[in-house]
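Engineer: Fold the following.
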Amino acid sequence: MATQHGDPLTISRNHPVFDLPEIVAVERGLFARVGLDVRFADGDTHRHGESRDPIARRKEALFEAERADLYNLCEWGGIDRLERNTRGGYIGYLRPAVVAQALVSFDPALNEPHDMNNVPVGINEFTGSHYTALHLLEGTVPREQIKLEHAGPPAARLEAAARRELPAVMLMEPFLSLALERGAHLLGCYFYRGAQVVAPSLPAERIRAFMSAVNAAVDLINADRASFADRIVEETGGELAPERLRREYHRFTHAEPFTEKRFTESYAWMRSWQLTDGRSGYDALLALREGANAHAD
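Structural biologist: Residues are numbered from 1 along each chain as shown. The predicted structure follows:
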């Protein structure tokens, strides 16, 4: 057992499919082995009808109010939140969860991205569903004909599609498996990682220790993925049985550094969509940088 160092660390919750390595690391004592006291913030992060302002959403608000030290979200969202918030902070690394956001529909007239010209797609603004919808569609549909509509969290998006209130929506697990079980069909999907946002005062040594515990959890998950399916499907409130969770739309790998090349490409893409005004850069936003000491070393 490693000697504990530093104050306890609090994680602001994301969906379990993204947080599973951290959940396992907490429950199996893997953080304690590297000398970290880590816990999750209380409460449900993904309530129906949450604010459209990203910083006002519970996950981000807890971090902004210094009631959480870390949280994960898509890489584009990580950049966006750090540019919006007043607390500051850094992207520590790319999270282990590699997850598909899929474009799904219950409408038999919609079958491929070519069918989506000027057709509304339900997303949650400034989250992975928003950014991946743009990535997925822009290669086929002219940018000016991509129509996105804010529809809230994934459970709300699924219900809107099932009731035919929206022609198509972006979904990830476990709501993707649930939608397919309920009769939806795929028009396309986009796999992506995400970013781990860390507090501005979190030393590089603790970030690396946190990563090592998360990577150990990934190894446990990959040794028996089926035994962890119940944690992912719990969001559906019993509507999806663990054995019905599809394996092909999510997986877990060791955390990876956010390289300068990848950051530069992602940042340029965000500027092209006016999702950032371009005032930041790799050195300003990354905690563990290539070819340089970390901010707190």
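Engineer: how about the helices in the stretch 101-250 of the chain?
Structural biologist: 128-138, 154-162, 175-181, 204-223, 229-233 (DSSP state H, counting those that start in this stretch).
Engineer: Tell me who's in contact with the residue most central in space within the chain.
Structural biologist: Geometric centre of the chain, nearest residue: residue 73, 3.3 Å, by C-alpha atoms, centre = their mean. By C-beta atoms under 8 Å, 6 or more residues apart in numbering, residue 73 lies in contact with 14, 18, 59, 81, 127-128, 194-195, 197. Every C-beta, even on glycine, is put in place using the N, C-alpha and C of the backbone.
Engineer: Check residue 185 too.
Structural biologist: 104-106, 111.
Engineer: Filter these down to the buried ones and hand me the PyMOL line.
Structural biologist: Entered in PyMOL, the line below selects the buried ones among these, by 16 or more other C-beta atoms under 10 Å:
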select buried, resi 104+105+106
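Engineer: Which one of the contacts of residue 185 is nearest to residue 172?
Structural biologist: In terms of C-beta to C-beta, no member of the contacts of residue 185 lies closer to residue 172 than residue 104, at 10.4 Å.
Engineer: Please name the bridge partners of the closest one.
Structural biologist: With DSSP bridges as the criterion, the beta-bridge partners of residue 104 are residue 169, residue 186.
Engineer: Outline the domain layout of the protein.
Structural biologist: If you go by automatic domain parsing, the domain ranges for the chain are 9-95+194-223+257-285, 99-192.
Engineer: need the least confident one among the ones you listed, by mean pLDDT.
Structural biologist: Confidence, taken as mean pLDDT, is least for domain 9-95+194-223+257-285 of those (a mean of 93).
Engineer: need the helices of the stretch 101-250 of the chain in a markdown table with distance to residue 30, can you?
Structural biologist: Converted to a markdown table, these look like this (distance: least, C-beta to C-beta, whole Å):
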| stretch | distance to residue 30 |
| --- | --- |
| helix 128-138 | 26 |
| helix 154-162 | 28 |
| helix 175-181 | 27 |
| helix 204-223 | 4 |
| helix 229-233 | 15 |
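Engineer: right, and those helices - which one's nearest residue 254?
Structural biologist: Among these, helix 204-223 comes nearest to residue 254, with 4.5 Å by C-beta to C-beta.
Engineer: Of the helices of the stretch 101-250 of the chain, which is nearest residue 32?
Structural biologist: helix 204-223 (8.5 Å).
Engineer: From the rest of the structure, what touches that closest one?
Structural biologist: Contacts of helix 204-223 (C-beta under 8 Å, 6+ apart): 5-6, 9, 20-22, 24-25, 28, 30-31, 33-36, 38, 70, 92-93, 96, 198, 228, 251-255, 287-288, 293-297.
Engineer: Serialize the helices of the stretch 101-250 of the chain to CSV and add fields for mean neighbour count and distance to residue 87.
Structural biologist: Output for the helices of the stretch 101-250 of the chain, formatted as CSV (neighbours: other C-beta atoms under 10 Å; distance: least, C-beta to C-beta, whole Å):
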stretch, mean neighbour count, distance to residue 87
helix 128-138, 23, 22
helix 154-162, 21, 27
helix 175-181, 22, 31
helix 204-223, 19, 17
helix 229-233, 20, 29
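Engineer: now for those, which one comes closest to residue 63?
Structural biologist: helix 204-223 (15.0 Å).
Engineer: Which of the three states applies to residue 35?
Structural biologist: coil (DSSP: H, G, I helix; E, B strand; the rest coil).
Engineer: what about it, neighbour count?
Structural biologist: 16 (other C-beta atoms under 10 Å).
Engineer: Quick check: the gap between it and residue 92.
Structural biologist: 17 Å (C-beta to C-beta, to the nearest Å).
Engineer: Repeat that for residue 240.
Structural biologist: With C-beta to C-beta as the criterion, residue 240 and residue 92 are 31 Å apart.
Engineer: cool, residue 255 as well?
Structural biologist: Distance from residue 255 to residue 92, by C-beta to C-beta: 8 Å.
Engineer: So for the two, which sits in the more crowded spot?
Structural biologist: Neighbours per residue, other C-beta under 10 Å: of residue 255 and residue 92, the larger number sits with residue 92, 28 against 24.
Engineer: Regarding that one, what is its secondary structure?
Structural biologist: strand.
Engineer: my guess is it meets residue 71, correct?
Structural biologist: No. Using C-beta atoms under 8 Å, residue 92 is not in contact with residue 71, being 10.6 Å away.
Engineer: what do these two both touch?
Structural biologist: Joint contacts of residue 92 and residue 71 (C-beta under 8 Å, 6+ apart) are 196-197.
Engineer: If anything else comes up later, I'll come back, but that's it for now.
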